[in-house]
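1. generate coordinates for the sequence data below:
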Amino acid sequence: MGEDAQRIPGPAVLAGNRNGNGNGQGDQARGGDLVVQGPALLGRVGDPGGEVRLGRFVVSLVRLLALPDSPLAIRDARLMLGTAGAVVALLLAALMYAPTGRASGGHFNPGVTVFLWADGLFPGRAVLPYVAAQLAGSVSGPALARLVWGDPVLRIHYALVAPAPGTGTTALFLIETAALIAVLAAVAVVMGRPRLHALIPAVIAVGVGLVIASLGAVTGANINPARAFGPALLSGEYTHPGTYLLSPLVAGLLTGLAHRTLRTGRPAPAQPARRYGGGPS
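-> From the prediction side, this is the model:
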């Protein structure tokens, strides 16, 4: 089976896949100028290690920047959120561009998984295993941070996500959904331009960083069910659980269906004679 058939469709694979290799192996989703080879799906259910690293890092970052007794504490809320957004963006990009990210597809957000599935670029039978791996990693990461940092992690409630006081459920749902739709819409634009596919992980990372910087003090800047799930489960504190878990899935579903409709509703451009390989080796 060819190399492409061993790669899981996702942002990291799209970053290295221009027009596919046309070998016909695995599942394929074709639309316009985008061809993504599907996975073998044997023993590969995402990259829970990436989610573990991400969750552990986020908890550690909040502990370092938010606790007053930390030597790196930033007392200005806007500056702290801007710093956190920039650092998280760099980490996300690094995880997606890393070899493990390319192998798994590089999506640590169930909302992104649903987006790719709704867009016809990800096999339906892989959605639940991926989401399960993402949620498992979201629990393991903060739990490991607790082992490393001890009681300070309890003081920040495992970096629990919460909105600003007075933020209603409806407003929270709409803002969180719109924020992820904006990020995924930017990704969809880049997906339609094969020469820019290498920028897809960077677009996602920058988008998430901007959401953290701009909405962190308003909604908690969740936009990822896994981001909310682990800290809520470990801390036993459930703040707007339905909204934080469902809004990213709704955003992914709506954006994926919209992009699929636009992508498949226009004639496919002529394909060049030369076929490019899958992701980078």
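
2. let's verify Pro68: helix, strand, or coil?
-> Three-state assignment for Pro68 (DSSP: H, G, I helix; E, B strand; the rest coil): coil.

3. that one: what's its closest spatial neighbour, skipping adjacent residues?
-> What sits nearest to Pro68 in space, not counting adjacent residues and going by CB to CB, 6 or more residues apart in numbering, is Arg75, at 7.6 Å. Every residue, glycine included, has its C-beta placed from N, CA and C.

4. how near is that neighbour to Asp69?
-> 12 Å (CB to CB, to the nearest Å).

5. for the residue nearest to Pro68, grab the count of nearby residues.
-> 9 (other CB atoms under 10 Å).

6. now Val139
-> Val139 has 21 neighbouring residues, counting by other CB under 10 Å.

7. was I right to think it contacts Leu234?
-> Yes. Shown here, Val139 and Leu234 form a contact pair, counting by CB atoms under 8 Å, at 6.6 Å.

8. and Pro68, its phi and psi?
-> Per-residue torsions, Pro68: phi -60, psi -30 (degrees, to the nearest 10).

9. and the pLDDT for it?
-> We have a pLDDT of 81 for Pro68.

10. got it, and Val211?
-> Looking at Val211, its pLDDT stands at 97.

11. then it would be within a strand, right?
-> No. The assignment for Val211 by three-state DSSP gives helix, which leaves it out of any strand.

12. count the neighbours of it for me.
-> Residues contacting Val211 under the criterion other CB under 10 Å number 24.

13. which stretches of this protein have low pLDDT?
-> The chain contains residues with pLDDT under 70 at 1-57, 103-106, 266-281.

14. what helix or strand does the residue nearest to Pro68 sit in?
-> If you go by DSSP states H and E, Arg75 is not part of any helix or strand.

15. dihedrals phi and psi, it?
-> Phi and psi for Arg75, reported as degrees, to the nearest 10, are phi -80, psi -20.

16. ok, Gly220 next?
-> Per-residue torsions, Gly220: phi 90, psi -10 (degrees, to the nearest 10).

17. verify the stated contact: it with Pro165.
-> No. Look at Gly220 against Pro165 with CB under 8 Å: they stay out of range, at 11.7 Å.

18. looking at those two, which one has more neighbours?
-> The neighbour count for Gly220 versus Pro165, taken as other CB under 10 Å, is higher for Gly220 (22 against 5).

19. skip the chain neighbours and tell me the closest residue to that one.
-> Gly220 sits nearest to Val161 (CB to CB, 6+ apart), 4.0 Å away.

20. just give me the neighbour total for the one you found.
-> For Val161, the count of nearby residues is 24 (other CB under 10 Å).

21. go on, Ile200?
-> For Ile200, the neighbour count with other CB under 10 Å is 24.

22. surely it meets Gly192?
-> No. Contact criterion CB under 8 Å: Ile200 and Gly192 do not qualify, at 11.1 Å.

23. which residues in the stretch 1-150 of the chain form helices?
-> In the stretch 1-150 of the chain, the helices defined using DSSP state H, counting those that start in this stretch lie at 11-16, 48-66, 77-97, 99-104, 110-118, 127-149.

24. out of those helices, which gets nearest to His259?
-> When the helices of the stretch 1-150 of the chain are compared by CB to CB, helix 110-118 sits nearest His259, at 8.1 Å.

25. centre of the chain to that closest one, how far?
-> Computed by CA atoms, centre = their mean, to the nearest Å, the chain-centroid distance of helix 110-118 equals 9 Å.

26. ok, stretch 242-252 next?
-> With CA atoms, centre = their mean, you get 13 Å for stretch 242-252.

27. hmm, who's touching it?
-> Residues from elsewhere that reach stretch 242-252 (CB atoms under 8 Å, 6 or more residues apart in numbering): 109-115, 118, 161, 169, 172-173, 176-181, 184, 220, 222-225, 227-229, 232.
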